[in-house]
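Novice: Give me coordinates for this.
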Amino acid sequence: MSNRVKIDEKGRLKIPAALLAELNGVGSDMYVTSEDGENARIYPMHVWNQVEEQLARLSAQHSKSRKKLLTRAKYFGQSVRMDEQGRVLIPPSLRRAAQIKGEVDLLAYPNYLEVWNHTRFLDNLKRDPMTTEDEKTLRGIERRARANREPARRRNKTQSRTENPRTREKS
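Specialist: Sure thing, here's the model as predicted:
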């Protein structure tokens, strides 16, 4: 889901109420960072801690990649606390690098939020268009999802017939 939101003059992003409801229970401690300075990612702190743990477990053959990612995440990153109004401060160095100011795009992913400068976001979509391989992957996911829903739909129909008082025999 994408939302258009504003960064205030102090560099704070107000997380929309609907997204706050989804984040309910994650606490107010967040880690704001970026992999490349193109956008900002807002992780609940417990999720960021899991990311760091997974990186620490990478084998020696991935140590160069791990170091690159951590170097960028630490350079752009900062621990922040969401205030009572649901605002999160985007670190100044990251705001400058990602050109995050004024109205921005906020995308919600299962474990984090992503903040983009609108023009940069559209340019990124053009630079990295959907490929035939991407479309095949999506069609496969959609087929599997339909196949998984179908048995559940049949079970629900069977259950509703057996639970329907009109279809039950009188004792």
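Novice: Quick check: which ranges of the chain have low pLDDT?
Specialist: For the chain, the stretches with pLDDT under 70 are 1, 23-25, 151-171.
Novice: ok, now how distant is the residue nearest to the spatial centre of the chain from residue 130?
Specialist: With distances taken as CA atoms, centre = their mean, residue 109 lies nearest the centre of the chain, 2.0 Å away. Using CB to CB, to the nearest Å, one gets 18 Å for the distance from residue 109 to residue 130. In this view, the C-beta of every residue, glycine as well, is placed from N, C-alpha and C.
Novice: before we move on, what about residue 110?
Specialist: From residue 110 over to residue 130 the distance is 21 Å, taken as CB to CB.
Novice: Strands along this structure, start to end?
Specialist: Ranges of strands in the chain, per DSSP state E, are 2-7, 12-14, 29-33, 40-44, 78-81, 87-89, 102-108, 113-117.
Novice: Which one of those strands lies nearest to residue 66?
Specialist: Of all these, strand 29-33 sits nearest to residue 66, with 14.8 Å by CB to CB.
Novice: and the closest one with strand 113-117, angle?
Specialist: Taking axes from the mean of the first three to the mean of the last three CA atoms, to 10 degrees, strand 29-33 and strand 113-117 form an angle of 40 degrees between their directions.
Novice: Where do the helices of this structure begin and end?
Specialist: Ranges of helices within the chain are 17-23, 45-56, 63-76, 92-98, 118-127, 132-163, based on DSSP state H.
Novice: can you pull the buried residues of the fifth one?
Specialist: In other words, helix 118-127. Across helix 118-127, burial judged by 16 or more other CB atoms under 10 Å covers 120-121.
Novice: which helices and strands sit right next to that helix?
Specialist: Contact here means 3 or more CB pairs under 8 Å, 6 or more residues apart in numbering; DSSP states H and E; on that basis helix 118-127 packs against strand 102-108.
Novice: helices and strands around the strand it packs on, which ones?
Specialist: Under the contact criterion of 3+ CB pairs under 8 Å, 6+ apart, the helices and strands touching strand 102-108 comprise strand 2-7, helix 17-23, strand 113-117, helix 118-127.
Novice: how is the protein carved up into domains?
Specialist: For the chain, the structural domains run 2-127, 130-171, going by automatic domain parsing.
Novice: Deepest-packed of those, please.
Specialist: domain 2-127 (a mean of 15; mean count of other CB atoms under 10 Å).
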